[in-house]
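Q: I would like the atomic coordinates for the input below:
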Amino acid sequence: MSIVWTRRTLGGVAVLALVGTLATGEARAEWRGWNIHVPEYSVSQGMDWFTEQLEERTDGRLTAKTFHSGVLGSQPDAIEQLRLGGIDYAVFNLGPMGPTVPATNVVSLPFVFKSIDHMHRAMDGVVGDALSEAMEEQGIVALGWYDSGARSFYNSQQPVNTPADLEGMKVRVMNNDLFVGMIEALGGNATPMAFSEVYQSLRTGVVDGAENNYPSYESTGHYEVAGYYSLSEHLIIPECFCVNADLYNSLSAEDQELVRELARESAQMQRELWAESSQEARAKVEAAGVEINEVEDKTAFQEAMQPVYEQAYAQQPELEELVVLIQSVD
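A: Numbers count the residues shown, from 1 in each chain. Down below sits the predicted model:
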């Protein structure tokens with residue numbers, strides 16, 4: 001097993017990074033924001049609230065517009081656009097942030113957070129501060145931390161309470177060596193495939209299970225063909241409300257404080273909306289007959305991740321200190 005995290009080059013995205021900038025080099029009158037999600041999504045609602053409040057609280061002196069649904073490009077390209085000033089702000093999942101800011105790979109380690117609440121406390125405190133510092137070195141200022149829930153196992157065979165329940169099970173994962181290694185360490189057979197192929201693969205038995213959060217499990221109809229959902233919460237990856245460092249540093253101290261305050265308030269709003277959507281999705285799949293079980297003791301799962309962590313530390317020694325920092329948060 002190998003875990004490969006490589007830094008993207010700027011070639012191929014440099015042109016995109018300059019989209020929307022003025023030839024004179026002056027700042028845009030209206031900030032441009034990137035978002036991968038559809039307008040109805042909780043992240044989108046949080047970002048729209050931010051832009052409304054920014055204009056209102058500055059009497060129209062500062063205005064912003066968020067472009068939803070990924071119309072300004074994919075997340076890897078958007079990260080480079082943000083760094084170089086092609087876009088001004090964005091909400092990014094930290095999973096794909098690793099090639100640009102290697103320290104953020106720590107949040108993609110399985111079971112690194114004990115729960116969603118633990119993730120919130122860590123990211124709102126010393127862990128978020130440490131990752132913010134690393135991001136700022138790459139031209140990105142992190143202002144607040146959004147929620148993308150917890151990923152858990154679901155399958156068509158049986159409840160998963162211990163790693164032994166996954167032994168021999170064919171489990172779809174995202175195409176990432178880290179997640180392949182996670183399933184292998186738990187005794188399962190990892191099957192990377194496109195998300196769009198999962199429903200049919202579950203229905204026909206090409207795979208026995210997969211892993212994701214409640215809203216994704218429900219909205220895709222995966223619960224119809226994989227009726228066991230086990231709350232392992234093995235991956236809890238936060239999202240970042242970020243702004244371009246040059247833009248942020250050009251603001252007055254008062255405007256910097258306002259922008260940071262609004263981003264944090266929008267994060268609290270988004271977390272509440274996410275929790276509501278998760279509860280609604282759980283209620284819907286339970287009503288449809290899905291068997292849901294809590295994984296009461298995750299110790300065996302966590303211990304099985306030792307080779308995954310060792311491989312990660314071998315490639316990025318600084319991750320070990322960050323893991324210790326996360327574990328120090330109550």
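
Q: Could you count how many residues lie near Cys240?
A: Neighbourhood size, Cys240 [other C-beta atoms under 10 Å]: 26. Every C-beta, even on glycine, is put in place using the N, C-alpha and C of the backbone.

Q: again, but for Ser69
A: Using other C-beta under 10 Å: Ser69 sits among 12 other residues.

Q: can you tell me which residues contact it?
A: Asn35, Ile36, His37, Val38, Pro39 (C-beta atoms under 8 Å, 6 or more residues apart in numbering).

Q: Go again with 10 Å.
A: Ser69 makes contact with Asn35, Ile36, His37, Val38, Pro39, Tyr41, Ser44, according to C-beta atoms under 10 Å, 6 or more residues apart in numbering.

Q: what does the average pLDDT come to for the longest helix seen in the chain?
A: Ordering each helix of the chain by length in residues (DSSP state H) puts helix 253-287 first. If you average the pLDDT over helix 253-287, you get 97.

Q: Check which residues of that helix are buried.
A: 255-256, 258-260, 262-264, 266-267, 269-271, 273-274, 277-278, 281-282, 284-285 (16 or more other C-beta atoms under 10 Å).

Q: Stretch 58-72 now?
A: Quick answer for stretch 58-72 (16+ other C-beta under 10 Å): Leu62, Ala64, Thr66, Phe67, His68, Leu72.

Q: Could you tell me the end-to-end distance of that stretch?
A: Terminal residues of stretch 58-72 are spaced 26 Å apart (C-alpha to C-alpha, to the nearest Å).

Q: quick one: secondary structure of Ser232?
A: strand (DSSP: H, G, I helix; E, B strand; the rest coil).

Q: Would you map out the domains in this structure?
A: 14-147+238-280, 151-235+289-327 (automatic domain parsing).

Q: worst average pLDDT in those domains?
A: domain 14-147+238-280 (a mean of 91).

Q: distance of the residue sitting nearest the centre point of the chain from Pro102?
A: Central residue of the chain (C-alpha atoms, centre = their mean): Asn93, 3.3 Å from the mean position. Noted for Asn93: a distance of 16 Å to Pro102, by C-beta to C-beta, to the nearest Å.

Q: So which bits of stretch 296-303 are buried?
A: So for stretch 296-303, counting by 16+ other C-beta under 10 Å, buried means Lys298, Phe301.

Q: Tell me the span between the first and last residue of stretch 133-148.
A: 22 Å.

Q: if we can go back for a sec, relative to Pro238, how far out is the residue nearest to the centre of the chain?
A: Counting by C-beta to C-beta - Asn93 and Pro238 are separated by 8 Å.

Q: One more: Glu265?
A: For Glu265 relative to Pro238 (C-beta to C-beta), the value is 17 Å.

Q: wait, doesn't Met182 sit right on Gln302?
A: No. Using C-beta atoms under 10 Å, Met182 makes no contact with Gln302, being 11.3 Å away.

Q: related to what we said a few turns ago, my guess is the residue nearest to the centre of the chain meets Ile237, correct?
A: Yes. If you go by C-beta under 10 Å, Asn93 and Ile237 touch, sitting 6.1 Å apart.

Q: what sits in contact with each of those two?
A: Joint contacts of Asn93 and Ile237 (C-beta under 10 Å, 6+ apart) are Thr104, Val107, Ser108, Ser148.

Q: how about the last one, secondary structure?
A: Three-state call for Ser148 (three-state DSSP): coil.

Q: What residues does it make contact with?
A: 42-43, 91, 93-95, 116, 119, 213, 215-216, 235-239, 270, 274.

Q: Kindly report the same for the second one.
A: For Val107, the contact set (C-beta under 10 Å, 6+ apart) comprises 93-95, 97-98, 113, 119, 122-123, 127, 131, 235-238, 322, 326.

Q: try 6 Å
A: Leu94, Ile237 (C-beta atoms under 6 Å, 6 or more residues apart in numbering).

Q: Please determine how far it is located from Thr51.
A: Counting by C-beta to C-beta, the gap from Val107 to Thr51 is 26 Å.
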